[in-house]
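J.: using only what follows, build the 3D model:
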Amino acid sequence: MSERDERESGSRLPNPLRDPRVVIARRDVASLSREKTIVLALFIQLFVAAFSSFLVVGLTSLYDPGSVSAGEIVVGVSGEHADALVDAARQQDGVRAVGYNTTEAAREAYLEGQLHAALLTADTGGRITVDVLAPEENIRTTLIVTEVRDLLEAVERNERVARAQYLDRQTVPVPNPIDASPYFGFTYTVLVPLLLFLPPFISGSIAVDAFTEEVERGTMELLRVAPVTLVDIVDGKAMGMIAIAPLQAGLWIVLLGVNGISVANPLSLLVVVTAFATVVVVLGLLLGILAGKRRQAQLLYSVVVLFVFGTLVFLPEHPATTVAKLAVDSATTLTYAHVAGYAVAATLAYLLARVVARRTDPEGL
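T.: Residues are numbered from 1 along each chain as shown. Modelled structure (predicted):
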């Protein structure tokens with residue numbers, strides 16, 4: 001074989017970059033820069049991940065207002081069980097309880113602005129009842145209510161321990177108090193799952209738009225004249241939308257690490273993100289094939305995704321719990337079993353989408 005024949009033979013070898021599925025995927029990903037809503041959503045996630053060490057303080061104040069030091073809350077207590085509230089307040093930081101001999105005195109002190117809240121206790125049928133007077137519209141209302149709630153929970157705990165030996169039935173054991181940082185809990189149970197689960201859901205929504213716009217604009221027929229089958233179109237659009245989710249999640253993990261928030265088991269977390277992205281993207285494409293209209297498909301996508309994600313609470317371990325346990329490196333065998341289950345479910349969903357596309361193709365769109 002001559003050198004010319006070898007060059008011609010080599011030129012006839014398939015080029016993966018010219019595969020129609022890859023071309024479709026690249027085109028869809030490139031078109032994302034024109035979607036202002038998607039770009040804004042990605043920018044917000046990027047901002048949260050990049051400045052997480054600063055934002056976590058403010059966000060934690062919304063998640064747990066009592067975690068932010070804002071001075072001492074003074075509450076007035078009166079009634080038959082005022083001593084129980086005073087004792088519980090001594091064990092709680094940020095609250096100071098002042099006892100009053102009468103309910104009227106405590107109420108008057110509150111109305112005169114001497115107290116942030118007033119707790120009026122009474123004995124009703126062997127139960128401690130507490131009427132709380134707190135401001136309705138005040139910049140510190142949330143913090144006051146949170147501190148009062150914690151105070152009442154402390155009283156309940158103390159009473160359960162003190163009266164346990166006098167009960168005639170077995171009660172639930174009182175759990176030991178845990179002195180855990182609210183910043184740690186918020187970061188790994190709210191912030192990390194939020195950053196990792198948002199990209200898959202955004203990818204699914206984009207997949208719906210990417211497919212239905214092809215149908216509504218008439219460009220779907222141009223793709224099929226190429227010739228490209230409906231299965232190739234589904235593969236291409238799925239490849240692009242699925243790929244961007246773990247890429248975003250990986251970037252968020254890196255940025256969290258730069259901010260001093262270490263995330264363990266990144267590979268397992270990316271498997272979870274990819275699995276969820278595959279499921280929601282496939283769901284979006286299937287709804288696009290069946291509905292054919294952008295508005296109907298997006299509405300169905302939102303409802304079905306909320307329903308599916310809501311049913312996951314019946315799993316032995318919720319996906320957010322799985323992510324949190326992986327992130328703090330406390331995963332169990334059950335946790336890894338869920339990761340494997342998500343991967344299997346994603347594979348089956350993708351195969352189902354190909355079957356539906358293959359059966360729908362001859363009928364046209």
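J.: quickly find the element holding the most centrally placed residue in the chain.
T.: What sits nearest the mean C-alpha location of the chain, by C-alpha atoms, centre = their mean, is Leu194, with 3.6 Å. Assessed by DSSP states H and E, Leu194 sits inside helix 192-217.
J.: just the pLDDT for the residue nearest to the centre of the chain.
T.: Here, the pLDDT recorded for Leu194 equals 85.
J.: need the contact list for Val75.
T.: Shown in contact with Val75 (C-beta atoms under 8 Å, 6 or more residues apart in numbering): 85, 89, 95-98, 115-119, 147-148, 151. Where you see a C-beta, it was placed from the backbone N, CA and C, and this is true even at glycine.
J.: Gly250 too?
T.: Residues near Gly250 by C-beta under 8 Å, 6+ apart: Pro266, Leu270.
J.: quick one: it is in a helix?
T.: Yes. Under DSSP: H, G, I helix; E, B strand; the rest coil, Gly250 falls within a helix.
J.: starting at the chain centroid, how far to the helix holding Leu194?
T.: 16 Å (C-alpha atoms, centre = their mean, to the nearest Å).
J.: what comes up buried for it?
T.: 192-193, 195-212, 214-215 (16 or more other C-beta atoms under 10 Å).
J.: now do it: which elements does it pack against?
T.: helix 36-50, helix 219-225, helix 230-258, helix 266-291, helix 294-311, helix 319-327 (3 or more C-beta pairs under 8 Å, 6 or more residues apart in numbering; DSSP states H and E).
J.: if we use 7 Å, what do you get?
T.: With contacts taken as 3 or more C-beta pairs under 7 Å, 6 or more residues apart in numbering; DSSP states H and E, helix 192-217 sits against helix 36-50, helix 230-258, helix 266-291, helix 294-311, helix 319-327.
J.: export those helices to CSV and tack on distance to Val22 and mean pLDDT?
T.: Output for the helices and strands packed on helix 192-217, formatted as CSV (distance: least, C-beta to C-beta, whole Å; pLDDT from 0 to 100):
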stretch, distance to Val22, mean pLDDT
helix 36-50, 21, 65
helix 230-258, 7, 83
helix 266-291, 16, 88
helix 294-311, 25, 83
helix 319-327, 30, 91
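J.: nearest to Leu133 among those helices would be which one?
T.: Between Leu133 and those, the shortest separation by C-beta to C-beta is 37.1 Å, and it involves helix 319-327.
J.: what sits closest to Leu119 if chain neighbours are left out?
T.: The shortest distance from Leu119 to any non-neighbouring residue, by C-beta to C-beta, 6 or more residues apart in numbering, is to Val77 (4.7 Å).
J.: so what's that neighbour bridging to?
T.: For Val77, the beta-bridge partners under DSSP bridges are Gly99, Leu119.
J.: follow-up on the earlier one: so which of the helices and strands packed on helix 192-217 gets nearest Leu348?
T.: Short answer: helix 266-291, nearest of the helices and strands packed on helix 192-217 by C-beta to C-beta, at 9.3 Å.
J.: how distant is that closest one from the center of its chain?
T.: On the basis of C-alpha atoms, centre = their mean, helix 266-291 sits 16 Å off its chain's mean C-alpha point.
J.: doesn't Ala349 lie inside a helix?
T.: Yes. Under three-state DSSP, Ala349 falls within a helix.
J.: check contacts around Leu300.
T.: Contact analysis of Leu300 by C-beta atoms under 7 Å, 6 or more residues apart in numbering lists Leu287, Ala291.
J.: that one and Val313, how far apart?
T.: 22 Å (C-beta to C-beta, to the nearest Å).
J.: what of Ile253?
T.: Taken as C-beta to C-beta, the span from Ile253 to Val313 is 25 Å.
J.: need the three-state assignment for Ala97.
T.: strand.
J.: looking at it, it is touching Val77, isn't it?
T.: Yes. With contact defined as C-beta atoms under 7 Å, Ala97 and Val77 form a contacting pair (5.2 Å).
J.: how about the strands in the stretch 51-200 of the chain?
T.: Shown for the stretch 51-200 of the chain, the strands assigned by DSSP state E, counting those that start in this stretch span residues 73-78, 95-99, 117-124, 127-133.
J.: how about the ones you listed in JSON lines, adding mean pLDDT and distance to Glu156?
T.: Converted to JSON lines, those look like this (pLDDT from 0 to 100; distance: least, C-beta to C-beta, whole Å):
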{"stretch": "strand 73-78", "mean pLDDT": "84", "distance to Glu156": "15"}
{"stretch": "strand 95-99", "mean pLDDT": "84", "distance to Glu156": "15"}
{"stretch": "strand 117-124", "mean pLDDT": "83", "distance to Glu156": "13"}
{"stretch": "strand 127-133", "mean pLDDT": "83", "distance to Glu156": "8"}
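J.: all set now, cheers.
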